[in-house]
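[1] Provide a 3D model corresponding to the input given below.
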Amino acid sequence: MSLEGKQILLGVTGSIAAYKAADLCSQLGKLGADIHVVLTSAAAQFVGAATFRALTRNPVLQDVFDEPHAKRIAHIDLAQSADLVLVAPASADILAKMAHGFADDMLSTCLLATPSSTPVLIAPAMNTVMWNHAATQHNLTTLERRAGVKIVQPGYGVLACQDVGVGKLADVSEIVRAVTNVLLPEKNLTDKRILITAGATREPLDPVRFLTNRSSGKMGYAIAAEAAQRGAHVTLVTGATSLEPPPDVVHFLKVETAREMLAACEPHFDQCDVFIAAAAVADYAPETIESQKIKKGEDDTLTLRLIKNPDILATLAARKQPHQTVIGFAAETQDLLANAKKKLHAKNLDMIVANDVARPDSGFDSEMNQVTFLFRDGRIRSYALMSKRMVAANLLDTLKQQEDG
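    Numbering: from 1, shown residues only. Presented below is the predicted three-dimensional model:
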């Protein structure tokens, strides 16, 4: 893997994690990247310009009026010549500036001058309360919806302030991988048709109510996005979610109920090479759907009679052909590995991804996940807490390794 000939604009902002940007420079430099660093004034309080100048052999810019080349305007030249812009660590302040188009220092000016066709990677790092603040989350949502912008999610752990939670800068290796995925996307699945389910199904009770679960769809969407980036022909069948469809997905099908999801999957299953069932499907549905809204009665209780839904994963896995791979997910709150292993064999799966959704730092509606892969031959592979996109990357890497023997 080589980044020779690739120019990266690295913005470093005021976070204690700024020292890790030096290691990031070193790792990307070893891959051959030409790195140009812009430091905010706050970042310079943590790591000096001389460090980055020594690592990159390029001028390090701090002030909006820094002009190392007489015939070129620095912020325009850097922004327009970069193959990728990376902000790591990205403080809450720079996220706000990026979201709202502020340009009051060298880095924010460079970011505003970056062409929309240039990919931008953002690796946030901050205190947990700042990360969870509604303003920060709103700014992140704004940036995630912007074309070309990707977030390298922060990790969970003990922070510099001794708080425990999400906010740690992602591992340098994860950020490097995100860079290489953007600049050197692996097109190793171009011959694969992959069917993926995601999100939560909804089972109606009446015209205004339904039974559902807490799944956000983020895991299935991350797998779809990663597979599509690697060149796969992706069909995504999704239940309820607020997420935007991943780019380059060939077929995007929205459904509500478990029966609708099965019906949407069936025409695509026989043609797919891989089926990945990441959706959280309701096991039961109301026996009767009322035509009018159920009104509150005199009794303190309401009895619902439920009937079992079809098991999408087991139904399709029973039709599996020798060339097909079927992968399930086991979202559990207890006896994680035992329950996942039971599901793996009972449903005739090739592999299952087990995750403990009772953990406060991962699972439903989180950006992070801690998973264990269980294989039909008895092998078990466990991973540390990581972003869902990294889980997707590891899952598809494993799939490719299995195929290659």
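
[2] State the number of residues packed around residue 58.
    15 (other Cβ atoms under 10 Å). Backbone N, C-alpha and C define where each C-beta goes, glycine included.

[3] same check, this time on residue 226
    Residue 226 is surrounded by 26 other residues when neighbours are defined as other Cβ under 10 Å.

[4] For it, which non-adjacent residue is closest in space?
    In this structure, residue 226 finds its nearest non-sequential neighbour in residue 392, 4.0 Å apart by Cβ to Cβ, 6 or more residues apart in numbering.

[5] cool, and residue 308?
    Nearest residue to residue 308 in three dimensions, chain neighbours excluded: residue 284, at 5.8 Å (Cβ to Cβ, 6+ apart).

[6] Please apply the same query to residue 232.
    Using Cβ to Cβ, 6+ apart, the nearest residue to residue 232 is residue 189, at 3.9 Å.

[7] what's that neighbour in contact with, if anything?
    Residue 189 sits next to 227, 230, 231, 232, 396, 400 when contact means Cβ atoms under 8 Å, 6 or more residues apart in numbering.

[8] got the residue ranges for the helices in the stretch 1-150 of the chain?
    All helices of the stretch 1-150 of the chain, identified by DSSP state H, counting those that start in this stretch, fall at 18-30, 49-56, 74-81, 92-100, 106-112, 128-132, 134-144.

[9] now what about the last one, what contacts it?
    This means helix 134-144. By Cβ under 8 Å, 6+ apart, the surrounding residues in contact with helix 134-144 are 92, 95-96, 98-100, 122, 124, 126, 130, 149-151.

[10] Same question for the longest one.
    The set of residues external to helix 18-30 that reach it, using Cβ under 8 Å, 6+ apart, is 3, 8, 10, 12, 35, 37, 43, 46-47, 51-52, 55-56, 86, 88-89, 169, 172-173, 175-176, 179.

[11] Now do that helix against helix 49-56: the angle between them, please.
    Orientation check (axes from the mean of the first three to the mean of the last three Cα atoms, to 10 degrees): helix 18-30 against helix 49-56 gives 20 degrees.

[12] Flag every buried residue along helix 18-30.
    By neighbour count, with 16 or more other Cβ atoms under 10 Å as the criterion, the buried positions of helix 18-30 are 18, 20, 21, 22, 24, 25, 28, 29.

[13] Closest one of the residues you listed to residue 330?
    Nearest to residue 330 among these: residue 20, at 34.1 Å, using Cβ to Cβ.

[14] Tell me, how many residues neighbour residue 375?
    Using other Cβ under 10 Å, residue 375 has 15 neighbouring residues.

[15] make that residue 282, sorry
    22.

[16] Need the three-state assignment for residue 373.
    Per DSSP: H, G, I helix; E, B strand; the rest coil, the secondary structure class of residue 373 is strand.

[17] Find the nearest non-adjacent residue to it, please.
    If you skip the residues right next to it in sequence, residue 373 has residue 381 as its closest partner in space, 4.4 Å away by Cβ to Cβ, 6+ apart.

[18] ok, that neighbour - contacts?
    Going by Cβ under 8 Å, 6+ apart, residue 381 touches 372, 373, 375, 398.

[19] Tell me which stretches of the stretch 101-250 of the chain form strands.
    Counting by DSSP state E, counting those that start in this stretch, the stretch 101-250 of the chain has strands at residues 120-124, 149-151, 155-158, 164-168, 193-198, 203-204, 210-211, 233-238.

[20] among the ones you listed, which gets the worst mean confidence?
    When the strands of the stretch 101-250 of the chain are compared by mean pLDDT, strand 155-158 comes last with a mean of 84.

[21] for this structure, which spans come out with low pLDDT?
    1, 70-71, 405 (pLDDT under 70).

[22] The lengthiest helix in it: how far from the chain's middle?
    Counting by DSSP state H, the longest helix found in the chain is helix 388-404. Between the mean C-alpha location of helix 388-404 and the chain-wide mean there is a distance of 14 Å, by Cα atoms, centre = their mean, to the nearest Å.

[23] Ok, stretch 188-197 next?
    Using Cα atoms, centre = their mean, the distance between the centre of stretch 188-197 and that of its chain works out at 18 Å.

[24] Same question for stretch 142-149: list its buried residues.
    143, 149.

[25] And residue 63, how far from residue 252?
    Residue 63 sits 46 Å away from residue 252 when distances are taken as Cβ to Cβ, to the nearest Å.

[26] ugh, wrong one, residue 221
    Noted for residue 221: a distance of 10 Å to residue 252, by Cβ to Cβ.

[27] In terms of neighbours, single out the busier of these two.
    Neighbour tally, residue 221 and residue 252, criterion other Cβ under 10 Å: the higher count belongs to residue 221, 25 against 13.

[28] List the residues that contact that one.
    198, 236, 238, 241, 243, 246.

[29] In terms of distance to residue 208, which of those residues ranks first?
    Among those, residue 241 lies closest to residue 208 (Cβ to Cβ), at 19.9 Å.

[30] The spatially closest residue to that closest one that is not a sequence neighbour: how many residues sit nearby?
    For residue 241, the nearest residue in space outside its immediate sequence neighbours is residue 217; the separation is 3.3 Å by Cβ to Cβ, 6+ apart. Burial of residue 217, expressed as a neighbour count using other Cβ under 10 Å, amounts to 24.

[31] With the one 5 residues further on instead?
    Other residues near residue 222 number 25, with proximity taken as other Cβ under 10 Å.

[32] wouldn't it be in contact with residue 389 here?
    Yes: under the criterion of Cβ atoms under 8 Å, residue 222 is in contact with residue 389, at a separation of 4.7 Å.

[33] just to revisit the earlier point, where does the residue nearest to residue 373 land in three-state SS?
    Per three-state DSSP, the local secondary structure of residue 381 is strand.

[34] residues contacting residue 73?
    The neighbours of residue 73, taking Cβ under 8 Å, 6+ apart as the test, are residue 67.

[35] gap between it and residue 110?
    Distance, residue 73 to residue 110, by Cβ to Cβ: 11 Å.

[36] Just give the closest residue to residue 270, not the sequence neighbours.
    Distances taken as Cβ to Cβ, 6+ apart place residue 319 nearest to residue 270, at 7.3 Å, with adjacent residues excluded.

[37] Is it correct that the one you found is in contact with residue 272?
    No: between residue 319 and residue 272 there is no contact, the gap being 11.0 Å when judged by Cβ under 8 Å.
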